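>>> quick one, what's the 3D model for this:
(4 chains)
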Protein chains: 2
Amino acid sequence: MKISTKVEFGIIAIIDIAINSENNNAVTVYSISKRQNISGKYLEQILPVLRQAHLIRGLKGSKGGYVLTRPAEDITFKEIINALDITVLSNVYFSSQSESEIVNTINDNLWNKMTDYMRNFSESLTLADIIERYYKSIEQNSEQIMYYI
Amino acid sequence: MKISTKVEFGIIAIIDIAINSENNNAVTVYSISKRQNISGKYLEQILPVLRQAHLIRGLKGSKGGYVLTRPAEDITFKEIINALDITVLSNVYFSSQSESEIVNTINDNLWNKMTDYMRNFSESLTLADIIERYYKSIEQNSEQIMYYI
DNA sequence: AAGAAAACCTATTGATTTACTATGTTAAGT
DNA sequence: ACTTAACATAGTAAATCAATAGGTTTTCTT
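Predicted structure coming up:
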């Protein structure tokens, strides 16, 4: 599957915000940019999209930055992905002009089954789930290092 | 989900070939083009891709055209889609340079779950399955027409 | 043998999308 | 006031997409 950098970086950014705002301080674009090695100016263009979808709130001025609008448990990946690019989880839009019943059959039995699954799955996965698994894999990595030393 | 016209038309074409070669005669690009309302010259560029993947065989000259290389029961949509565009069912390739564990966590717990499902599902679905459902929906449509007359 | 029909092959092109960069403006804290 | 950081909008180079175009080769029919 191909995913645009907008979606890719947007997801990384909101996870970064969730992790680094846990002590309630706002997370700046600059700090995300440094940590995740993503162009700050490009991020500055992506984050407003998540803000418009009411997933994050931007705080201007010094000590400003971004915070989540809701607890990470209440933000699903379906919301995040839909905000960044509505086509990713949408049903396939067919350019074909033909009213061909073949097109309907393919949509019903192939593409829509896939996008249905993607929507359901991404709806069941929250930001909190991913953060939890992120910490677990960090933990495991450091255990492995200790083991091999 | 966004699908290129190459994939869209390629799938329509191989189904059209499967349906219209059932009496063992080759199906011409021109006839597919007419039935499905797709540019013949463009199809002429797409069908060789399916031929190179050994899903169809091209027969030159008069009375020529395309036929399936194998029975429709033995051709899966995973094969068809992979032939037309390998990226559709592939794991997400991340451009991000960051070695960030966040990227790994997203891949493992979000994208790869989706592409795993898509690969498994499309592998379980054959050309024959779709043709069967195509005929059923044609049948149902004509029943409906009779009912409403 | 000639002609027609059809696949085969390769190049080109216009339009759209992508992935940024650049330049400022506004608002908030110190 | 000064600094910091989000906000807003414009521009652009490169890549991809969706075809179109023109010619070549192979096979069947007459």
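>>> report pLDDT for residue A:95.
Per-residue pLDDT puts residue A:95 at 68.
>>> in chain A, what residue is nearest DNA strand C?
DNA strand C sits closest to residue A:61 of chain A, with a gap of 2.7 Å, by Cβ to the nearest atom of the strand. C-beta: built from backbone N, CA, C; applies to glycine.
>>> relative to residue A:67, how far out is that residue?
14 Å (Cβ to Cβ, to the nearest Å).
>>> what residues does chain A have near DNA strand D?
Applying Cβ under 7 Å from any atom of the strand, we find that chain A lies next to DNA strand D at A:26-30, A:44-45, A:47-48, A:51, A:58-66, A:95.
>>> swap in 10 Å and give it another go.
Contact residues, chain A versus DNA strand D (Cβ under 10 Å from any atom of the strand): A:2, A:17, A:26-33, A:40-45, A:47-52, A:56-67, A:95-97.
>>> hang on, the earlier thing: what number of residues lie near the residue of chain A closest to DNA strand C?
6 (other Cβ atoms under 10 Å in any protein chain shown).
>>> what does the one 3 residues further on give?
Applying the criterion other Cβ under 10 Å, we find 13 residues in the vicinity of residue A:64.
>>> pLDDT wise, what is the residue nearest to it when sequence neighbours are not counted at?
Of all residues not flanking residue A:64 in the chain, residue A:26 sits nearest, at 5.7 Å (Cβ to Cβ, 6 or more residues apart in numbering or on different chains). pLDDT, residue A:26: 97.
>>> show me what contacts residue A:26?
Counting by Cβ atoms under 8 Å, 6 or more residues apart in numbering or on different chains, residue A:26 touches A:59, A:63, A:64, A:65, A:66, A:67.
>>> ranking those residues by neighbours, who comes first?
Each of these was scored by neighbour count (other Cβ under 10 Å); the top score is that of residue A:66, with 26 neighbours.
>>> circling back: quick one: the residue of chain A closest to DNA strand C is in a strand?
No - counting by DSSP: H, G, I helix; E, B strand; the rest coil, residue A:61 is not found in a strand; it is coil.
>>> let's see the pLDDT reported for it.
pLDDT for residue A:61: 95.
>>> gap between it and residue A:28?
Shown here: residue A:61 relative to residue A:28, a distance of 11 Å by Cβ to Cβ.
>>> with adjacent residues omitted, what lies nearest to residue A:24?
Nearest residue to residue A:24 in three dimensions, chain neighbours excluded: residue A:67, at 7.5 Å (Cβ to Cβ, 6+ apart).
>>> secondary structure class for the one you found?
strand.
>>> correct me, but it touches residue A:59?
Yes - in this structure, residue A:67 is within contact of residue A:59 by Cβ atoms under 8 Å, at 6.9 Å.
>>> all helices of chain A, in order?
Per DSSP state H, chain A carries helices over the ranges A:5-20, A:29-36, A:40-52, A:77-84, A:101-106, A:112-124, A:127-148.
>>> any chance of these in TSV, with mean neighbour count too?
As requested, the helices of chain A are exported to TSV (neighbours: other Cβ atoms under 10 Å in any protein chain shown):
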stretch	mean neighbour count
helix A:5-20	22
helix A:29-36	18
helix A:40-52	16
helix A:77-84	21
helix A:101-106	19
helix A:112-124	16
helix A:127-148	14
